[in-house]
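Undergrad: My questions are about this predicted structure, shown below with the sequence.
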Amino acid sequence: MFTSNPFAELTVFLSPAFMQIYIVLMILAVAAGTIYDMLHKKSFQFFMQRRQNSEARARRPLGTGQKFGVALKTLGKEVLTSGEFCNTKRQLSHLLLFYGFLLYLISTIVMVYAYPTAQATTPGVWPVLWNVGALMIIIGGGWFFFFLRVNVVQEQDSPFRLIPADLFVVSLVLSVLFGIIWEIVQAQGGLLATQILFGIYIGLTTLLFVSVPWSKFAHMFYKPAAAYQKRVEDVSGSDSLPTAARGKKQVASPGNTRT
């Protein structure tokens with residue numbers, strides 16, 4: 001059951017082209033939503049203005065090689081290891097979400113485009129990775145939602161109280177959860193139940209990707225860019241803080257206080 005391509009089985013009532021076109025539409029939805037978010041919140045304008053001001057204040061202008069080195073450090077800490085989190089539990093939950101989403105997304109694309117029908121035998125590793133990624137998302141997202149959110153931990157709110165910032169993680173977790181339920185029911189051979197659950201799965205997945213302007217989805221693109229810019233400012237000496245404040249910040253930085 002967990003080693004067979006769930007999307008190939010959809011050909012009983014859907015053309016393989018449905019999922020292939022659907023994925024393209026969702027990619028376009030994310031791109032359009034991110035652009036709208038940047039324009040609406042003027043994030044791009046703010047970022048470019050900050051970059052220009054930083055370059056004008058720089059005491060040690062960086063060359064191409066130095067910028068590449070800063071980009072590698074950003075990739076290694078803020079992207080691949082979520083090292084900006086001082087709270088280890090939050091870091092682990094984000095890593096589960098990040099790598100689970102990557103596994104889930106890549107394996108979905110491979111199964112939908114490379115092995116679209118039951119006649120094209122899907123190597124068992126791809127369905128396994130799809131399910132492993134889904135479980136990582138459920139564990140990491142559930143852990144964060146119920147036990148690590150600031151309003152739950154700090155403000156003692158009910159873990160079931162939803163706020164707009166929760167839209168991304170809630171729609172993501174529910175989407176993959178119903179994806180697994182749909183996969184299980186489909187393997188049992190119930191056509192009507194399969195169609196209903198697949199419809200719920202697609203509906204929740206669509207909500208995840210079209211709600212970019214109102215969720216934290218776009219933050220996946222903003223955070224690396226902001227982290228890179230911050231590192232450039234630190235290395236080039238273009239930090240806008242006064243010298244004394246900069247010195248205190250350097251002493252109190254996570255890199256200097258972590259044991």
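TA: Looks like it arrived, so ask away. Numbers count the residues shown, from 1 in each chain.
Undergrad: Run through the stretch 151-259 of the chain and note the low-pLDDT ranges.
TA: Applying pLDDT under 70 to the stretch 151-259 of the chain picks out residues 239-259.
Undergrad: residues near residue 161, how many?
TA: Using other CB atoms under 10 Å, residue 161 has 11 neighbouring residues. (C-beta placed from N, C-alpha, C; glycine too.)
Undergrad: and what of residue 187?
TA: Residue 187 - counted by other CB under 10 Å - has 14 other residues nearby.
Undergrad: In the chain, what residue spans correspond to helices?
TA: 16-40, 43-57, 64-74, 88-114, 125-143, 150-153, 167-188, 191-210, 219-236, 243-252, 254-257 (DSSP state H).
Undergrad: between the fifth one and helix 88-114, how big is the angle?
TA: In this case it means helix 125-143. Here helix 125-143 runs at an angle of 150 degrees relative to helix 88-114 (axes from the mean of the first three to the mean of the last three CA atoms, to 10 degrees).
Undergrad: Not counting its own residues, what contacts helix 125-143?
TA: For helix 125-143, contacts defined as CB atoms under 8 Å, 6 or more residues apart in numbering pick out 2-6, 89, 92-97, 99-108, 110-111, 115, 169, 172-173, 176-177, 179-180, 183.
Undergrad: sorry, back to before: right, so of the helices of the chain, which gets closest to residue 161?
TA: Ranking these by distance to residue 161, with CB to CB as the measure, places helix 150-153 first at 7.2 Å.
Undergrad: re earlier: relative to residue 81, which of the helices of the chain is closest?
TA: helix 88-114 (7.2 Å).
Undergrad: as a whole number, average confidence for that closest one?
TA: The pLDDT scores in helix 88-114 average 96.
Undergrad: Give the buried residues for that helix.
TA: By neighbour count with 16 or more other CB atoms under 10 Å, helix 88-114 contains the buried residues 90, 92-101, 103-104, 107-108, 110-112.
Undergrad: How far does it sit from its chain's centre?
TA: 8 Å (CA atoms, centre = their mean, to the nearest Å).
Undergrad: could the helices of the chain be laid out in CSV, adding distance to residue 82?
TA: Shown next, in CSV, are those (distance: least, CB to CB, whole Å):
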stretch, distance to residue 82
helix 16-40, 20
helix 43-57, 21
helix 64-74, 12
helix 88-114, 4
helix 125-143, 11
helix 150-153, 16
helix 167-188, 15
helix 191-210, 20
helix 219-236, 9
helix 243-252, 21
helix 254-257, 13
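Undergrad: okay but residue 168 is in contact with residue 213, surely?
TA: No - counting by CB atoms under 8 Å, residue 168 stays clear of residue 213, with 11.4 Å between them.
Undergrad: Let me see the contact set for residue 10.
TA: 16, 18-19, 198.
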